[in-house]
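**Student:** One predicted model, sequence on top.
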Amino acid sequence: MILKLELSLKILGAALWLAFVALMQLDQGSESWIVLLLMFSPLVLMPLSRRLVAAPALAGEHELASMAAAIMLGLSFCWKPTMSTSALALPWLAVRLLAAFDAVREVRGSLSLGQICVLASRVFPAIGAAWLVAHRGNWTPFGFDPLIVLLTAAHFHHAGFTLPLIAGLHGQSRPGGWSRFSCGAILAGVPLVAVGITCTHFGWLPWVEPMGVALLVLGSLVVAGLQLRQACRAGLLWPHRLLFAVSGVASMAAMILALGFGLRHLLPWAALTMPQMWMIHGSLNVFGFGLCGILGWRSVKR
């Protein structure tokens with residue numbers, strides 16, 4: 001019964017995301033593609049990864065509440081930001097805070113970096129959910145532009161979710177020097193990028209953002225290499241090899257673009273524009289690295 005419910009919710013999430021694609025007017029100069037990429041995480045990626053993130057006994061515990069909150073979050077984007085649309089985003093914040101609290105409660109004894117990374121994938125999205133509540137209420141924390149508020153929310157729903165999750169799965173499955181380095185770099189890099197953007201916004205410590213981006217990119221490139229190594233693992237069927245290979249290549253391409261953008265003040269010729277970044281870098285991370293990576297790990301765990 002629980003398995004049927006989980007399968008039904010996964011199908012529902014994918015169908016709802018496709019409905020959002022059909023309903024929202026897409027063009028490269030608008031925020032609509034950012035919203036669709038962001039909503040792909042709560043509607044598709046998080047339900048697909050539930051049993052990778054949590055113990056099987058707990059995986060379906062909050063499945064229904066999480067999907068209901070994700071649907072309300074999606075509805076909040078159907079109107080211009082107001083107090084009412086912010087209220088529609090509050091259930092998603094509550095769900096993510098509960099997931100973060102459950103993850104923190106599991107921190108006991110000596111944990112490996114891989115285990116900490118997987119737990120972090122349940123904590124970081126709560127930060128993104130808080131920024132979503134602010135965005136849907138048309139609030140601008142620290143004086144940030146609403147676009148930056150939305151991009152920060154997207155950052156913590158993808159770089160803060162799929163990246164530590166997949167790095168942590170490698171750390172648990174085949175622990176070694178490279179997997180430990182990637183876990184450490186990602187655990188430090190995800191929040192450091194956000195702190196660096198804030199410092200740049202206020203004109204403080206201009207070196208923090210490029211340092212955070214460089215650290216996160218290095219960790220991500222190592223994860224990409226580990227995904228490609230996983231594709232060469234003996235005993236995998238060729239569709240599963242293809243999933244890991246696409247995930248690794250997409251992550252490499254996305255991180256090279258991110259490095260160029262992070263160093264835009266030093267090397268302006270190497271950076272894409274902001275709309276190009278969320279269209280190309282964002283799509284590579286969400287569909288190439290995230291979706292293919294999670295499907296690949298589901299096949300391995302199964």
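**Tutor:** Nice, thanks for sending it over.
**Student:** Give the full set of residues in contact with residue 186.
**Tutor:** Residues in contact with residue 186 (Cβ atoms under 8 Å, 6 or more residues apart in numbering) are 117, 163-164, 167, 216, 219-220, 223. In short, each C-beta sits where N, CA and C put it, glycine included.
**Student:** which among these end up buried?
**Tutor:** 117, 163-164, 167, 216, 219-220, 223 (16 or more other Cβ atoms under 10 Å).
**Student:** related to what we said a few turns ago, lowest-confidence one in the contacts of residue 186?
**Tutor:** The member of those with the lowest pLDDT is residue 216, at 88.
**Student:** quick one on the thing from earlier: would you reformat the contacts of residue 186 as a markdown table and include distance to residue 9 and secondary structure?
**Tutor:** What follows is the contacts of residue 186, written out as a markdown table (distance: Cβ to Cβ, whole Å; DSSP: H, G, I helix; E, B strand; the rest coil):
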| residue | distance to residue 9 | secondary structure |
| --- | --- | --- |
| 117 | 25 | helix |
| 163 | 24 | helix |
| 164 | 23 | helix |
| 167 | 26 | helix |
| 216 | 31 | helix |
| 219 | 31 | helix |
| 220 | 29 | helix |
| 223 | 28 | helix |
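**Student:** Can you lay out the residues you listed as JSON lines showing distance to residue 85?
**Tutor:** Listed next are those as JSON lines, based on distance: Cβ to Cβ, whole Å:
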{"residue": "117", "distance to residue 85": "33"}
{"residue": "163", "distance to residue 85": "28"}
{"residue": "164", "distance to residue 85": "29"}
{"residue": "167", "distance to residue 85": "34"}
{"residue": "216", "distance to residue 85": "31"}
{"residue": "219", "distance to residue 85": "35"}
{"residue": "220", "distance to residue 85": "33"}
{"residue": "223", "distance to residue 85": "35"}
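**Student:** With respect to residue 63, which of these is nearest?
**Tutor:** Using Cβ to Cβ, residue 164 comes nearest to residue 63 of these, at 21.0 Å.
**Student:** Just give the number of residues close to residue 287.
**Tutor:** 17 (other Cβ atoms under 10 Å).
**Student:** Which pLDDT does the model give it?
**Tutor:** So, for residue 287, pLDDT stands at 96.
**Student:** and if you look at the one 10 residues further on?
**Tutor:** The confidence metric pLDDT takes the value 95 at residue 297.
**Student:** List the contacts of the helix or strand harbouring it.
**Tutor:** Using DSSP states H and E, residue 297 sits in helix 292-301. Residues outside helix 292-301 that contact it (Cβ under 8 Å, 6+ apart): 45, 48-49, 51-52, 162, 165-166, 169, 173, 227, 230, 236-237, 239-240, 243-244, 246-247, 250-251.
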